[in-house]
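Student: sequence and computational prediction follow.
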Amino acid sequence: MPETENDKLKDDYRPLPDLAACRAMRVLPTLVECLVMNGHLCPYATPFGSGIFCEHPERDKIAARTKAEKQKP
């Protein structure tokens, strides 16, 4: 039987990306860093050095939401 995407993610309790749980931070105008634990399992993750860059089509919205959450009193 062929391996499914969920079989590959068996150590994680839900498939990524889970946009409700996604968190990211803009590090350069064109780069967004993933802040999610086990983010390397996401199909939109691009590992680089010790970080993981997000290539999700909604990465700008994810980064903006994360920044807004951190700025709340």
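Tutor: Good, I have the coordinates.
Student: could you list the buried residues of stretch 31-40?
Tutor: Neighbour counts using 16 or more other Cβ atoms under 10 Å place Leu31, Val32, Glu33, Cys34, Leu35, Val36, Gly39 of stretch 31-40 among the buried residues. Heads up, the C-betas are built off the backbone N, CA and C, glycines and all.
Student: list the contacts of the fifth one.
Tutor: Under the criterion of Cβ atoms under 8 Å, 6 or more residues apart in numbering, the neighbours of Leu35 are Arg23, Ala24, Met25, Thr66.
Student: name the member of those with the most neighbours.
Tutor: Among the contacts of Leu35, Ala24 has the most neighbours (other Cβ atoms under 10 Å), with 25 neighbours.
Student: I figured that residue hits Leu31, correct?
Tutor: No: counting by Cβ atoms under 8 Å, Ala24 stays clear of Leu31, with 10.0 Å between them.
Student: what about the nearest residue to Gly51 once chain neighbours are set aside, which SS state?
Tutor: Using Cβ to Cβ, 6 or more residues apart in numbering and skipping the chain neighbours, the partner closest in space to Gly51 is Glu33 (5.3 Å). At Glu33 the chain is in strand, as set by DSSP: H, G, I helix; E, B strand; the rest coil.
Student: now do the same contact list for Glu33.
Tutor: Counted by Cβ under 8 Å, 6+ apart, Glu33 has contacts Ala24, Met25, Arg26, Val27, Gly51, Ile52, Phe53, Cys54.
Student: which one among those residues gets closest to Gln71?
Tutor: Distance to Gln71 across those (Cβ to Cβ) is lowest for Met25, with 12.6 Å.
Student: right, I'll call it a day here.
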